[in-house]
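Visitor: with the input below, show me the fold.
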Amino acid sequence: MLIVSAGPTGLMLAPELASQSIPFRITEAGLVRSDKSRALILHPRTLELLARHGIVQNFLSRGTFNDSIRIFANQKLVFEVDLKKTPFRDTMFPNPLIISWAETEPILCGALEKYGVVIKRGVKAERVGQNEDGVTAWLKSSDSGGKEQEVRCKYIVECDGAHSIVRKSAGVKYEGGVYPQDFILAEVHLKWSQKDCLSVFVGDGFMGSFPMKYTLFRFIVSRPQERYNDVESTMKDFKNMIRKLVPGKAEIFDPAWIMRFRLHYHVCRS
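Guide: Residues are numbered from 1 along each chain as shown. So this is what the prediction gives:
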């Protein structure tokens, strides 16, 4: 079996296969691991699956459990859920864990190394073909001088995201588009008078905040497309939204990174 891409999907599948002694190889086009947080929540069932590999404590020591969700409207608290009081008693992990992908990835890679699996980095799938007996993938390594390597396997698993060469080679359409809303995203350090938990603020706009380690928070802010379509985001954008939506005092400083993004919708069709 060949797993194309060592992203979140590939790195969750690989330890499961390794623990069952199912032979496979896993490739990744990128040469180095990401230093960005990217996806940042591990849900209870995911933690249960990771616990089977003896690595869950590594996640717990690097992440933060979110104990409640608070929703504000026009600077007033209108709803709160205390996740510590939920009726789910059949799990060791009743709450979601907030943890950066930059922390998650090396833990999963370390688990694979214990199983004797090495990720082949700098290797990209150029095209894929199949017949009744299995699948052929043509791989190109960053140090191969442009020469392709032909790999024959029984199965290939597509984990290579929105621009998947595996999906394109299989003739599967990825139909959809982009929502009109424009979003900005940042990880910043924060001092405020609110409870450190997952919070949603609505009013003249939308903003969500996710507590990470210590004083670091992830902020997601929506902004009208017609006003900001060609304008890059700055700390001023976040400060303005905090001032409009968050009750009490709040100060953000020392951003780790700031970016803008759009939400897409897609459906796979064969």
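Visitor: three-state assignment of the spatially most central residue of the chain?
Guide: The residue lying closest to the centre of the chain (C-alpha atoms, centre = their mean) is A39, at 2.1 Å. Three-state assignment for A39 (DSSP: H, G, I helix; E, B strand; the rest coil): coil.
Visitor: just checking, it touches P8?
Guide: Yes: at 6.1 Å, A39 counts as touching P8 under the criterion of C-beta atoms under 8 Å. (C-beta placed from N, C-alpha, C; glycine too.)
Visitor: overlap in contacts, those two.
Guide: Applying C-beta atoms under 8 Å, 6 or more residues apart in numbering, one finds that A39 and P8 are jointly contacted by W101.
Visitor: can you confirm E80 is in a helix?
Guide: No: E80: not assigned to a helix; according to three-state DSSP it is strand.
Visitor: next, count neighbours for it.
Guide: 13 (other C-beta atoms under 10 Å).
Visitor: is it true that it touches S68?
Guide: Yes: using C-beta under 8 Å, E80 makes contact with S68 at a distance of 6.0 Å.
Visitor: give me the nearest residue to the residue nearest to the centre of the chain, chain neighbours excluded.
Guide: W101 (5.5 Å; C-beta to C-beta, 6 or more residues apart in numbering).
Visitor: and stretch 242-261, C-alpha only, in CSV?
Guide: Output of stretch 242-261 as CSV, limited to C-alpha atoms (Å, rounded to 0.1, in the frame of the first residue of the first chain):
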residue,chain,number,x,y,z
ILE,A,242,-11.9,43.1,19.6
ARG,A,243,-12.9,46.6,20.5
LYS,A,244,-16.3,46.3,18.8
LEU,A,245,-17.2,42.7,20.0
VAL,A,246,-15.4,41.8,23.2
PRO,A,247,-16.7,43.2,26.6
GLY,A,248,-14.1,44.4,29.1
LYS,A,249,-10.4,44.9,28.6
ALA,A,250,-8.4,43.0,26.0
GLU,A,251,-4.9,43.5,24.7
ILE,A,252,-3.3,41.6,21.9
PHE,A,253,0.4,41.7,21.1
ASP,A,254,3.4,39.9,19.6
PRO,A,255,1.7,38.0,16.7
ALA,A,256,3.2,34.7,15.7
TRP,A,257,1.6,35.1,12.2
ILE,A,258,-1.3,36.7,10.4
MET,A,259,-2.9,35.6,7.2
ARG,A,260,-6.2,35.8,5.2
PHE,A,261,-8.2,32.9,3.8
